[in-house]
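In: okay, predicted coordinates and the sequence, questions at the end:
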Amino acid sequence: MTNSENLRDIVCDVLLDIEKNQTPSHVAIRRMLEKYQYLEGRDRHFISRVTKGTLERRISLDWIINEFSSVKVKKMKPVIRTVLRMSVYQLKYMDNIPSSAVCNEAVKLVKKRGFKSLAGFVNGILRNMVRHPEKMELPENQMGIFYSQPEWLVSYWSEIYGEGRTREMFGYFLKDQPLTVRVCTNKVSPEQFKTKMEEQGVSALQNPWVESAFELKGFDYLGALKAFREGECTVQDVSSMLVAKAADIKPSYKVIDVCAAPGGKSIQISELLGEDGQIIARDLTPLKVEMIEENIRRMGAEHIEAQCRDALVFVPEDEKTADVVIADLPCSGLGVIGRKADIKYRVERNDLNQLAHLQRDILKVVSAYVKPGGCLIYSTCTVSQEENVENVKWFSENFPFEPESLHGLLPDGLGSDTLKQGYIQILPGEYGTDGFFIARFRRKQ
């Protein structure tokens, strides 16, 4: 069995990779889990929890460290602050680990990393925390520290949604985010899928809004599930599944998905197409297209052609040929912070306007692919008004498209007073889903 020191060594490597190399957290964690498949389930769970928890609570952890340290976190060496962060997370949020073990393993790790002279510094801070846990209590009246969120986002959302709703969204981000999969109903019924999962000891909770969606718990590694390997299910959040429903796909449609990676929505749409249907799934880089192709192969998805193309570059042969264009565009990702915590450390307030203009530039190009009478579905995984409702207004005023009601397309009970206006803003946690935005437009004849 791998000892605790080595497990923490792995955690330290992943956290440093995310911070220093700007590797997306979900990518870094997935690579780690794939690399260490041979570890026992409890060891992999420890690595995953400490990594995700430390990243998620980083702002709160830094505040605690600064309460005890004469050297502020920002001035510490990357290894030292990383070891302190992951150790403080264990002390505060993992009651099943003895505080003495946390302190001892942190000292060992610091020495192993070549900082023997700073071992006493780290040991002193951590043991002082153990003696004075009351000083580790977070100030609830300081929302950014209490929920571990950047101050600009606290101010921005509080102004738009009010303090109460903002606290609800931040609180949702800190909850355990279960893995959601969509069942390929062409291969297996939801009932059959649930039975298969339970036979493997996996909890499969069916979503109340989308019957083909299940939350999975109690498994060690997704790739170990036969149903996943054989393409009976694919990872996709419920809010993302609503895009295909909003598109109202018919069997004979030609669909162009302009920013498709990793391919979840394209695959979902392909299952709704008949023999005459076609979907072109595009993305910017060969790596992203490879992700799409990998999912196409695993799912056995028909009708899909994956292409490497820049959505900002017009494709003349596609002009006015698509029944539906899916434009799930690059965005700030503020709606999925609960799954990708590093987003809140990378995105700044000024980025929202820049991303909104990028989306407009893409819409200028890809809207030309929609045939007269066809539909454009514009979506993002954010709750920024610049990127969502303001772009809907801009697009409606400048292009030969009209917003079209989403009533009757989305599941009953899921919606708001904006459905008739052709869009829906789902806030994080509102329906037990990620934050998401969907708008539907019809091209004038």
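Out: Received it, and whenever you're ready, just let me know what you need. Residues are numbered from 1 along each chain as shown.
In: hang on, residue 372 in a strand?
Out: Yes - checked against DSSP: H, G, I helix; E, B strand; the rest coil, residue 372 lies within a strand.
In: just give me the neighbour total for the closest residue to it other than its chain neighbours.
Out: The shortest distance from residue 372 to any non-neighbouring residue, by C-beta to C-beta, 6 or more residues apart in numbering, is to residue 445 (4.9 Å). The way it works is simple: take the backbone N, C-alpha and C, and place the C-beta from them, glycine included. Neighbours of residue 445 under the rule other C-beta atoms under 10 Å: 8.
In: same thing with residue 277?
Out: Count around residue 277 with other C-beta under 10 Å applied: 19.
In: what of residue 195?
Out: Residues lying near residue 195 (other C-beta under 10 Å) number 12.
In: show me what counts as buried in the helix or strand containing it.
Out: Residue 195 belongs to helix 190-199 when assigned by DSSP states H and E. Residues of helix 190-199 classed as buried: 190, 193-194, 196-197 (neighbour count, 16 or more other C-beta atoms under 10 Å).
In: which one of these is nearest residue 433?
Out: Nearest to residue 433 among the buried residues of helix 190-199 is residue 190, at 17.7 Å by C-beta to C-beta.
In: report the buried residues of the worst-scoring helix or strand of the chain on mean pLDDT.
Out: When each helix and strand of the chain is scored by mean pLDDT, DSSP states H and E, helix 25-35 comes last, with a mean of 87. Neighbour counts over helix 25-35 (16+ other C-beta under 10 Å) mark 25-26, 28-29, 32-33 as buried.
In: residue 365: which of those is nearest?
Out: residue 26 (28.2 Å).
In: who are the contact partners of that closest one?
Out: Under the criterion of C-beta atoms under 8 Å, 6 or more residues apart in numbering, the neighbours of residue 26 are 339-340.
In: farthest residue from the center of this protein?
Out: Going by C-alpha atoms, centre = their mean, the residue of the chain most distant from its centre is residue 117, 39.4 Å out.
In: and that one, what's its pLDDT?
Out: Residue 117 carries a pLDDT value of 97.
In: from residue 265, how far out is it?
Out: Using C-beta to C-beta, to the nearest Å, residue 117 is found at 53 Å from residue 265.
In: ditto for residue 347
Out: According to C-beta to C-beta, residue 347 stands 23 Å off from residue 265.
In: which of those two has more residues huddled nearby?
Out: residue 265 (26 against 21).
In: doesn't that one lie inside a helix?
Out: Yes - checked against three-state DSSP, residue 265 lies within a helix.
In: quick check: closest non-adjacent residue to it.
Out: Excluding the flanking residues, the one nearest residue 265 by C-beta to C-beta, 6+ apart is residue 243, at 5.2 Å.
In: what's the answer for residue 348, then?
Out: residue 152 (6.7 Å).
In: where do the helices sit along the stretch 301-445 of the chain?
Out: Taking DSSP state H, counting those that start in this stretch, the helices of the stretch 301-445 of the chain run over residues 343-346, 349-366, 389-398.
In: in JSON lines, list the ones you listed along with mean pLDDT and distance to residue 259.
Out: As requested, the helices of the stretch 301-445 of the chain are exported to JSON lines (pLDDT from 0 to 100; distance: least, C-beta to C-beta, whole Å):
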{"stretch": "helix 343-346", "mean pLDDT": "95", "distance to residue 259": "17"}
{"stretch": "helix 349-366", "mean pLDDT": "97", "distance to residue 259": "8"}
{"stretch": "helix 389-398", "mean pLDDT": "97", "distance to residue 259": "15"}
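In: can I get the ones you listed in JSON lines with distance to residue 185 and mean neighbour count?
Out: Listed next are those as JSON lines, based on distance: least, C-beta to C-beta, whole Å; neighbours: other C-beta atoms under 10 Å:
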{"stretch": "helix 343-346", "distance to residue 185": "32", "mean neighbour count": "18"}
{"stretch": "helix 349-366", "distance to residue 185": "29", "mean neighbour count": "17"}
{"stretch": "helix 389-398", "distance to residue 185": "31", "mean neighbour count": "15"}
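In: who wins for proximity to residue 234 among the ones you listed?
Out: When those are ranked by proximity to residue 234 (C-beta to C-beta), helix 343-346 comes first, at 22.4 Å.
In: just the CA atoms of that closest one, as CSV, please.
Out: Taking Å, rounded to 0.1, in the frame of the first residue of the first chain, the C-alpha atoms of helix 343-346 are listed here in CSV:
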residue,chain,number,x,y,z
ILE,A,343,-11.8,29.1,-13.1
LYS,A,344,-12.4,31.6,-10.2
TYR,A,345,-8.6,32.1,-10.0
ARG,A,346,-8.1,32.6,-13.7
